[in-house]
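Chemist: Show me how the following folds:
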Amino acid sequence: MTVNTAAGQVAVISLRELRIGTSLRLPIGLSCGLESGQVLVITGPCGSGKSTTLSVIAGRTPSIDGRKTVVPVGLRVIVEGEPVIGLSAAPLRGQYVPQDLLEFWIGAKVFSEVELAYQVHGADEAVAAAYRRGQLAAFCINHKTYDRIAELSAGEQTVVAICSALASTPRLLLLDEPFCFLCECNRCRVIDILSRYLEDGGMLVLATHSPQMVLDAFARFRPQLHMLLGAVRPTVPSNAALAVDCDEAPDFGESAPRDGTSLYELPGTDILTEDDEFLFSTTDLIVYVGDSICVEGANGAGKSTFLRYLGGSTGKWPEDTRLGGNAVGGERPDYPDDVGFVAQVPLLQAFRGTVEAYILFTAQFSKVSKTIIGARFDHIRPLLSVFQINPEELVVNLSSGQRKVIALCRFLNCPRLLLLDELPYFVDTKQRRAMEELLSMFLANGSSLIFTTHHPAGSRNLANRVFRISDGWLRELSPLPPGNAEEVA
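Modeler: Numbering: from 1, shown residues only. Alright, predicted model coming up:
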């Protein structure tokens, strides 16, 4: 059946509402027409429904044990006059790259060779090979063409996912947070290839926490902006008002309770991949009690590998490591009281319980009193409400950003060393300040924090020390005033 669209419009997308679980309703109010070479930018606070909106437009409805957990109301997707139900069934009409790239790769027989990722997304072998050679070379990862997907960094996986989706030259491309894991260099290159895609008549629908950056980047393509507000905001209890409504965010460089006491010492060493390939070298590293350390670097530099190494990813502390003045090299870390690790993309899909059950689960393995952890949980309840997180909601119904928040909150025992892979960035000011308040709670209760970021200009005010991985070395930078930070080249 062919559907008439307004003159000049090639695609029509509408979605009135999302019903999540048994009680949550998110008003979407999306109704727009796209012409060739046009961009639709969807933004909003964490939990407002950005990722779920793209998912249902792509024809993917989340479910548990065959039962739908998200029901779209008033959904209509028309491309070139034809209703489209599920872009995976029509790869030439549309392609979808989700924020959770594991979902993208599994649908494509993931963890096979990188080149296959192109072929399974709609391009024949010859086109896929040519496209892969031309695009990946621009991203300086052509030498990894035959690596397995799982061995690439999150930023490199994002690059391959976008290039493979473009290989079939779809009319409509849906991208969920395509820039969140990209360094500045790759961000510019992705913008360049997407601009060329739009110049050739493609249409782009993009969800982001950085709407102004996207609007500026694609200004000549007449971008449309759609703001999601999410469910009705819960009232923030008065005891949290100061934490989330203060005029200025806390400056960790001034407020961190650093007293000069050494917490973690690691002699200079070479950091290797799991396949023993060299990534970079470090000089002697000393982390002090109360430190909040920011680690920057380009995609594939080894930031995530470095955090896993510090936390004893092999089940043992690195050789010659000292913790609290004691030699612990080769010993097994005392999880979760010694180390807490929050992955770049927490994999929580298998957890069938509520948010409260998930957050308090780690407490079972901590030596910290359950009474203390319970009090800390009561303290963060109003902060959770800022992220539109209901403690009684099922974890599987949360957005990617909300899952990152609760993955951090489960360490209410406040481990001595807290490792956060990719500090989340939120478009909503209250949510940014709530995250800063949450991190300050960990520091105030004795944790030292090391986090990675691809947005240094917006993250350095949370750090009292900054390190960068470049040219094969991890080096500490001279302190820079917050707001004047240079992006990673």
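
Chemist: which secondary element of the protein has the worst mean pLDDT?
Modeler: In the chain, no helix or strand scores lower on mean pLDDT, DSSP states H and E than helix 241-245, which sits at a mean of 34.

Chemist: for the stretch 251-400 of the chain, which spans come out with low pLDDT?
Modeler: Within the stretch 251-400 of the chain, the segments meeting pLDDT under 70 span 251-259, 274-275, 314, 349.

Chemist: Strands of that one, residue ranges please.
Modeler: 262-266, 270-272, 278-282, 285-288, 292-297, 322-323, 326-327, 339-342 (DSSP state E, counting those that start in this stretch).

Chemist: Please parse the chain into its domains.
Modeler: 9-227, 238-476 (automatic domain parsing).

Chemist: want to try a markdown table for the ones you listed, with mean neighbour count as columns?
Modeler: To be clear about C-beta, it is placed using only N, CA and C from the backbone, and glycine gets the same treatment. Below are the domains of the chain laid out as a markdown table (neighbours: other CB atoms under 10 Å):
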| stretch | mean neighbour count |
| --- | --- |
| domain 9-227 | 19 |
| domain 238-476 | 18 |
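
Chemist: quick one: low-confidence ranges for the stretch 1-150 of the chain?
Modeler: 1-9, 22, 62-68, 85-92, 102-150.

Chemist: one more time with 90, if that's ok
Modeler: Scanning the stretch 1-150 of the chain for pLDDT under 90 picks out the ranges 1-12, 14, 17-27, 44-49, 51-52, 55-150.

Chemist: Can you list the residue ranges for helices in it?
Modeler: 50-57, 101-106, 114-119, 125-136 (DSSP state H, counting those that start in this stretch).

Chemist: How confident was the prediction at residue 204?
Modeler: Turning to residue 204, the model gives it a pLDDT of 95.

Chemist: do you know how far it is from residue 315?
Modeler: Distance of residue 204 to residue 315, computed by CB to CB, to the nearest Å: 44 Å.

Chemist: gap between the residue lying closest to residue 381 once chain neighbours are set aside and residue 213?
Modeler: Nearest residue to residue 381, sequence neighbours excluded (CB to CB, 6 or more residues apart in numbering): residue 391, at 6.8 Å. For residue 391, the distance to residue 213 (CB to CB) stands at 33 Å.

Chemist: Send me the one helix or strand residue 216 maps to as PDB with only the CA atoms.
Modeler: Assigning secondary structure by DSSP states H and E places residue 216 in helix 211-217. Output of helix 211-217 as PDB, limited to C-alpha atoms (Å, rounded to 0.1, in the frame of the first residue of the first chain):
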ATOM      1  CA  PRO A 211      21.800  18.800  20.900                       C
ATOM      2  CA  GLN A 212      23.600  22.100  20.300                       C
ATOM      3  CA  MET A 213      26.700  20.400  19.000                       C
ATOM      4  CA  VAL A 214      24.600  18.300  16.600                       C
ATOM      5  CA  LEU A 215      22.600  21.300  15.500                       C
ATOM      6  CA  ASP A 216      25.700  23.300  14.800                       C
ATOM      7  CA  ALA A 217      27.400  20.400  13.000                       C
END
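
Chemist: what's in contact with that helix?
Modeler: 39, 41, 43, 179, 191, 195, 206, 208, 223, 225, 427 (CB atoms under 8 Å, 6 or more residues apart in numbering).

Chemist: correct me, but the third one touches residue 208?
Modeler: Read that as residue 43. Yes. If you go by CB atoms under 8 Å, residue 43 and residue 208 touch, sitting 5.7 Å apart.

Chemist: if I look at residue 341, how far off is residue 333?
Modeler: 10 Å.

Chemist: can you list residues touching both of these two?
Modeler: Looking at what touches both residue 341 and residue 333 (by CB under 8 Å, 6+ apart), the common residues are residue 311.

Chemist: Just the pLDDT for residue 426.
Modeler: According to the model, residue 426 scores 74 on pLDDT.

Chemist: Name the nearest residue to it, sequence neighbours excluded.
Modeler: Residue 426 sits nearest to residue 432 (CB to CB, 6+ apart), 5.0 Å away.

Chemist: tell me the mean pLDDT for the helix holding residue 216?
Modeler: 92.

Chemist: so what's the residue nearest to residue 381 up against?
Modeler: 354, 355, 356, 359, 381, 384.

Chemist: Farthest-apart pair in those, please.
Modeler: Farthest pair in the contacts of residue 391 (CB to CB) is 354 and 381. Separation: 13.4 Å.

Chemist: I figured residue 356 hits residue 392, correct?
Modeler: Yes. In this structure, residue 356 is within contact of residue 392 by CB under 8 Å, at 6.7 Å.

Chemist: Report the secondary structure state of the residue nearest to residue 426.
Modeler: Assigned by DSSP: H, G, I helix; E, B strand; the rest coil, the conformation of residue 432 is helix.

Chemist: And residue 197, how close does it get to residue 59?
Modeler: Taking CB to CB, one finds residue 197 at 21 Å from residue 59.

Chemist: likewise residue 151?
Modeler: 30 Å.

Chemist: How about residue 408?
Modeler: 32 Å.

Chemist: same deal with residue 308?
Modeler: 35 Å.

Chemist: try residue 415
Modeler: For residue 415 relative to residue 59 (CB to CB), the value is 41 Å.

Chemist: got it, and residue 456?
Modeler: 37 Å.

Chemist: go on, residue 298?
Modeler: 35 Å.

Chemist: what's the answer for residue 391, then?
Modeler: In this view, residue 391 and residue 59 are 32 Å apart by CB to CB.

Chemist: so residue 164 sits in a helix?
Modeler: Yes. Residue 164: assigned to a helix according to three-state DSSP.

Chemist: Check it and give its pLDDT.
Modeler: Looking at residue 164, the pLDDT reads 79.

Chemist: next one: residue 475
Modeler: 90.

Chemist: ok, residues contacting the helix or strand it falls within?
Modeler: In the assignment (DSSP H and E), residue 475 maps to strand 473-476. The list of residues contacting strand 473-476 from outside it, by CB under 8 Å, 6+ apart, reads 271, 280, 281, 282, 283, 285, 295, 306, 465, 466, 467, 468.

Chemist: one more time with 6 Å, if that's ok
Modeler: 280, 281, 282, 467 (CB atoms under 6 Å, 6 or more residues apart in numbering).

Chemist: could you pull out the helices for the stretch 351-489 of the chain?
Modeler: Going by DSSP H, counting those that start in this stretch, the stretch 351-489 of the chain shows helices at 355-361, 370-386, 400-409, 429-444.

Chemist: Which strands or helices does the last one pack on?
Modeler: On a contact count with 3 or more CB pairs under 6 Å, 6 or more residues apart in numbering; DSSP states H and E, helix 429-444 meets helix 241-245, helix 370-386.

Chemist: where does it sit relative to the chain's centre, distance-wise?
Modeler: Distance of helix 429-444 from its chain centroid, counting by CA atoms, centre = their mean, to the nearest Å, is 17 Å.

Chemist: same deal with the longest one?
Modeler: Taking CA atoms, centre = their mean, one finds helix 370-386 lying 24 Å from the centre of the chain it belongs to.
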